[in-house]
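**Q** I'll drop the sequence and a predicted model, then ask my questions.
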Amino acid sequence: MKYLLGIDNGGTFSKAGIFDELGNQVAVASVGTVTLTPKPGYTERDMSELWEVNAQAVREAIAKSGVNAEDIVGVSFSGHGKGLYMISEDGTAPYNGILSQDARAWEYIKNWAADGTKEKVFAKSFQDILACQPVAILAWFRDHEPQVLENTKYIFAVKDYIRYKLTGEAYAEYTDFSGGNLVNLTTGDYDKELLDLFGLGMIYDKLPPLKVSSDVCGYITEEAAAKTGLKAGTPVAAGMFDVNACGIASGLSGEEEMCMVAGTWSINEFIRKTPVTNGTVALNSFFCMPGYYLVEESSPTSAGNMEWFIRNLMSFERENAKAEGGSVYDITNKWVEEIEPQDNNIIFLPFLNGSNEDALAKGTFIGLTAYHNKHHMLRAVYEGIVFSHYTHVRKLLANRERPASIRLSGGAANSEVWVQIFADVLQIPVDVVGDKELGCQGACMAAGIAAGIYKDYPDAISKTVKITKTIQPRKEYAEIYAEKYANYRKVIDALSVAWECFKN
C-alpha cells in the first residue's frame, strides 16, 4: 500500500494527515498555532514558530500512523486563503505572517469602492476586494511600513511558505493567488495593469511563478527530511486553497454539485466552466480541477463563533466534560436540541472574526432578557451561523439551478443537530461527507495525482470520497425559519448605521 501526506494550515491549527491510496485516513496530528493580536483588527503569527509547528505535526502523524516514511510517495498542502506571508532574500520573514481574519486594511476597501477602483478591478479579476486579501494588506504596508516590502523577496500564501520550507523552491499556486486579486482571470496570469490599479506595480517581481495544484514543485530536502521524518527526495505538489481542498474531498467535480464548509470561515461554493461576471457573487477564482472556475461566497462567520462561545462562556462545562471523559460538544448539542426554534427569538450576528455585511460589523446578541440563559444564547449562535451561510447560498442560487442536495463539511458537520438546522433553513437535503480531515485529504488527492496514484481529480474522487448520511429538511420548519431569517436581516439592516462607532 502506498501513502500520501497532506498538510493543512488553517486559522488556529496546523494539521498533517496520512491517507492510503483508497482515501482511508490512517493518522492525523494537529498542533495549535499561536495567533498574535498586537492591535484590534490585527491577526498575525510568527512564521518561524509556524514552520516548527508544521514539522512537529508531520513527525507526530508519521509516528502515529506506523507508516514507513519511504512508503509516503507524495506530499501536498491545503491552507487558508487570503492573508499574506512574505520571505526575504535570506529566507527569513520580514514581518509576521498575516491571517485571513486580519482587518487592518478595511479603509482601503471603502476608498477603492468610492473612487471607482473596485469596478475596474472586477473587470479583470471578477471578484470583490476584501480587507484580508493580499492586495489590501500590501497596500497597507506600502503606506505604513514600506521597509517590509523593500525587504521582501517573495510573496506567498500560507501553504506556499510551508512548501518553500520543505523544498527550498519558491512558487505560487493558481487557486490561492487567483482568489487574492493578484491574477487576471481572463488571461490566467499576473497582470501589471491590475496591480497598478491598487498602486502595487512595485510588487510584480515579488510574485513567484504560478503552478497548478497537482504540479510537482520540488522535493523534500535533506534538511527538511531531518526535521520532519519524511524521506528526502519525496515529490511535493503545489497544493491548494483549503476551500478547493474541502470541495474536491467532498466530491465537487461537476456543475450540478454544491458544497458548504462550516469551519472558522463560512464557505459556500460551486464550480462551472465560466465565471459569474454579473457582480452578484463576491469571488470567482480558478478551481484546482483545470477547466473550472470556483464560484465562492465566504466570510469568517461560521463555527469559529461557537468556539468563542465555548471558550469564554462554557469553561465550567468544558472542564466537567473533560474530567468525565466526554465532550463539551455533546453538551452544546443537547442544549440546542432541547429548545425549539419558535421558542427562542434571540438573534446572534456571527461577526466576531469579521463580517460578510460590513468590514466594521461586530458580533452581536439582540433580544436578550432576564428570562434567557446560556442555552438560549447558544441556540442563537447555531442559528446565526446558519443564517450567515444562507445569505451566501442565496446569492449563489441566483446564478444556478437549485441542487438536489448540498454537501457539508467542517466542524458543524459533526453535529447532527446543527446539520438538521442547516437542512431546515435551506430547505435542501444536506449530505454529510465522511468524518475525515478534508483539507488534508484534498491535499493528498493533489499529491496522488503528482505521484501517479490517480489519473486526475475525478479518478481520485471515485476512489476516495464517501457520503456517510443525508439529512432531509423538515417542511414544517420552513415558515418558522423564514421568519427568523427575515428578523436576522432586519437586525443587520438596522445596525448598518452603527458600525462606524467601532472603527477604533
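**A** Cool, got the structure.
**Q** Show me the helices in the stretch 201-350 of the chain, by range?
**A** 222-228, 242-249, 304-313, 315-323, 328-337 (DSSP state H, counting those that start in this stretch).
**Q** highest average neighbour count across these?
**A** helix 242-249 (a mean of 31; mean count of other CB atoms under 10 Å). (Each C-beta comes from the backbone N, C-alpha and C, glycine too.)
**Q** tell me what it is packed against?
**A** Packing partners of helix 242-249 (3 or more CB pairs under 8 Å, 6 or more residues apart in numbering; DSSP states H and E): strand 3-9, strand 72-79, strand 259-262, strand 266-272, strand 293-299, helix 438-450, helix 457-464.
**Q** and the end-to-end length of stretch 350-358?
**A** 12 Å (CA to CA, to the nearest Å).
**Q** hmm, who's touching it?
**A** With contact meaning CB atoms under 8 Å, 6 or more residues apart in numbering, stretch 350-358 is reached by 101, 103, 132, 264, 266, 282, 297-302, 304-305, 308, 349, 361-364, 381, 384-385, 388, 391-392, 492, 496, 499.
**Q** repeat for stretch 312-328
**A** Under CB under 8 Å, 6+ apart, the answer for stretch 312-328 is Ile310, Arg311, Asp330, Ile331, Thr332, Lys374, Met377.
**Q** which pair in the residues you listed spans the largest distance?
**A** Asp330 and Met377 (18.0 Å; CB to CB).
**Q** Verify the stated contact: Thr167 with Glu223.
**A** No. The criterion here is CB atoms under 8 Å, and Thr167 misses it with Glu223 at 10.3 Å.
**Q** Please identify the buried residues of the longest helix anywhere in the chain?
**A** Identified as the longest helix of the chain according to DSSP state H is helix 374-397. Across helix 374-397, burial judged by 16 or more other CB atoms under 10 Å covers 375-393, 395-397.
**Q** same deal with stretch 70-80?
**A** For stretch 70-80, the neighbour count (16+ other CB under 10 Å) marks Ile72, Val73, Gly74, Val75, Ser76, Phe77, Ser78, Gly79, His80 as buried.
**Q** can you tell me which residues contact the fifth one?
**A** Okay, so that is Ser76. 4-7, 213-214, 236-240, 443-444, 446-447, 450.
**Q** Return the member of those residues nearest to Asn68.
**A** Nearest to Asn68 among the contacts of Ser76, with distances taken as CB to CB, is Leu5, at 12.5 Å.
**Q** What sits closest to that closest one if chain neighbours are left out?
**A** Closest residue in space to Leu5, ignoring its immediate chain neighbours: Val75 at 4.6 Å, by CB to CB, 6 or more residues apart in numbering.
**Q** Leu207 - how many residues pack around it?
**A** 17 (other CB atoms under 10 Å).
**Q** right, I mislabeled it, should have said Glu173
**A** When neighbours are counted by other CB under 10 Å, Glu173 comes out with 31.
**Q** contacting residues for it?
**A** Ala157, Lys159, Asp160, Leu210, Lys211, Val212, Ser213, Ala238, Gly239, Met240.
**Q** cool, Val67 as well?
**A** Per CB under 8 Å, 6+ apart, neighbours of Val67: Tyr3, Ile18, Val26, Ala27.
**Q** close enough to count as contact, the first one and Asp20?
**A** Yes. Under the criterion of CB under 8 Å, Tyr3 lies in contact with Asp20, with a separation of 5.6 Å.
**Q** Need the residues touching each of these two.
**A** Contacts common to Tyr3 and Asp20, judged by CB under 8 Å, 6+ apart, are Val26.
**Q** Surely Phe198 touches Thr117?
**A** Yes. Using CB under 8 Å, Phe198 is in contact with Thr117, at 7.3 Å.
**Q** now the spatially closest residue to Leu4 that is not a sequence neighbour: how far from Ile271?
**A** Once flanking residues are discounted, Leu4 sits nearest to Cys444: 3.9 Å by CB to CB, 6+ apart. Distance, Cys444 to Ile271, by CB to CB, to the nearest Å: 20 Å.
**Q** can you check Ile162 too?
**A** Distance from Ile162 to Ile271, by CB to CB: 26 Å.
**Q** what do you get for Tyr485?
**A** 26 Å.
**Q** Neighbour count: these two, which is higher?
**A** The neighbour count for Tyr485 versus Ile271, taken as other CB under 10 Å, is higher for Ile271 (24 against 18).
**Q** mind checking how far the closest residue to the more buried one other than its chain neighbours is from Gly247?
**A** Among residues not flanking Ile271 along the chain, Tyr292 sits closest, at 4.4 Å (CB to CB, 6+ apart). For Tyr292, the distance to Gly247 (CB to CB) stands at 10 Å.
**Q** can you list residues touching both of the two?
**A** Counting by CB under 8 Å, 6+ apart, the shared contacts of Tyr292 and Gly247 are Ile271.
**Q** between the contacts of Ser76, which is closest to Ile62?
**A** Leu5 (8.1 Å).
**Q** Touching, Asn181 and Leu138? I think so.
**A** No. The pair Asn181 / Leu138 is not scored as a contact, 10.1 Å apart, by CB under 8 Å.
**Q** any shared contact partners between those two?
**A** Phe198.
**Q** residues near the residue nearest to Ile271, how many?
**A** Tyr292 has 19 neighbouring residues, counting by other CB under 10 Å.
**Q** in the chain, which residue is closest to the centre?
**A** His80 (4.7 Å; CA atoms, centre = their mean).
**Q** any low-confidence regions in the chain?
**A** For the chain, the stretches with pLDDT under 70 are 504.
**Q** So it: which segments form each domain?
**A** Domain assignment for the chain by automatic domain parsing gives 3-238, 304-407+479-502.
**Q** Throw those into CSV and include distance to Glu256, thanks.
**A** Below are those laid out as CSV (distance: least, CB to CB, whole Å):
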stretch, distance to Glu256
domain 3-238, 21
domain 304-407+479-502, 7
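**Q** Need the winner for burial among those domains.
**A** Note that of those, domain 3-238 is the most buried (mean count of other CB under 10 Å), with a mean of 20.
**Q** measure it end to end?
**A** Domain 3-238 has an end-to-end distance of 17 Å (CA to CA).
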